[in-house]
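A.B. asks: structure, please.
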Amino acid sequence: MTHDALACIELSSIAKGMRLLDIIAKRAPVFLKHHGRHSGAKFIILFAGDVASVESAYNEAVAESKGALISSMMLPIVSPGLWRLLDGEVGEATDESILFVELRSVADSILQLDHALKLIDAEIVDAQFASGISGRGYFAIQGTLPDIEYCAETLHLRLDAHEKIAIEIIARPHEDLFPALGHSPVFNSNWS
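C.D. replies: Below is the predicted model:
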């Protein structure tokens, strides 16, 4: 199955999430990358496939979300770095600058991570979505200081105050920080 596109639907209802999971699975031939219950009674569905299939399943699920939708996103073209993260690969931290981004929504976090990776030459060194962080989204990317500063400025402009929790830069990370990065599961045990 081709995995060109990616979609995420984040809901405030577990029951509605189960219904939408069924709708998505029946609507089009997509691959469920993740589905499950998370902190704050969130239900998150992440699925991939060809653009037409993902778009069809995404549009129907969003239309059926009826008041339970927290956030959603659909990417017709996904950055290679995001695909690597979804396959469980995270880069090793070095002495390059690191940008830390923490957002209220998992779908928004995935969307902004993809945007950042398309904007600058950067590598993901840490990411966690929903589980263990109160349903939030968090990622860290490393690159040159000018690129990291440009990316941070762009994200500040793209995001409103409600979406952002924090955007921080460490220009020259101390090596004692490195063991704290890249060791948490991206979602949880039913991540595939």
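A.B. asks: can you check the distance spanned by stretch 134-152, start to finish?
C.D. replies: Terminal residues of stretch 134-152 are spaced 23 Å apart (C-alpha to C-alpha, to the nearest Å).
A.B. asks: just the buried residues of that stretch, please?
C.D. replies: Judged by neighbour count (16 or more other C-beta atoms under 10 Å), stretch 134-152 contains these buried residues: 135-143, 147-149, 151-152. For every residue, glycine as well, the C-beta is placed using N, CA and C.
A.B. asks: kindly report the same for stretch 120-136.
C.D. replies: In stretch 120-136, counting by 16+ other C-beta under 10 Å, buried: 120, 122-131, 133, 135-136.
A.B. asks: now those as TSV including secondary structure?
C.D. replies: TSV is the format used below for the buried residues of stretch 120-136 (DSSP: H, G, I helix; E, B strand; the rest coil):
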residue	secondary structure
Ile120	coil
Ala122	coil
Glu123	strand
Ile124	strand
Val125	strand
Asp126	strand
Ala127	strand
Gln128	strand
Phe129	strand
Ala130	coil
Ser131	coil
Ile133	coil
Gly135	coil
Arg136	coil
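A.B. asks: ok, so of the residues you listed, who is nearest Ala93?
C.D. replies: Val125 (4.6 Å; C-beta to C-beta).
A.B. asks: phi, psi of the most centrally placed residue in the chain?
C.D. replies: In the chain, the residue lying closest to the centroid (C-alpha atoms, centre = their mean) is Ile110, at 2.2 Å. Ile110 adopts backbone torsions of phi -60, psi -40, taken as degrees, to the nearest 10.
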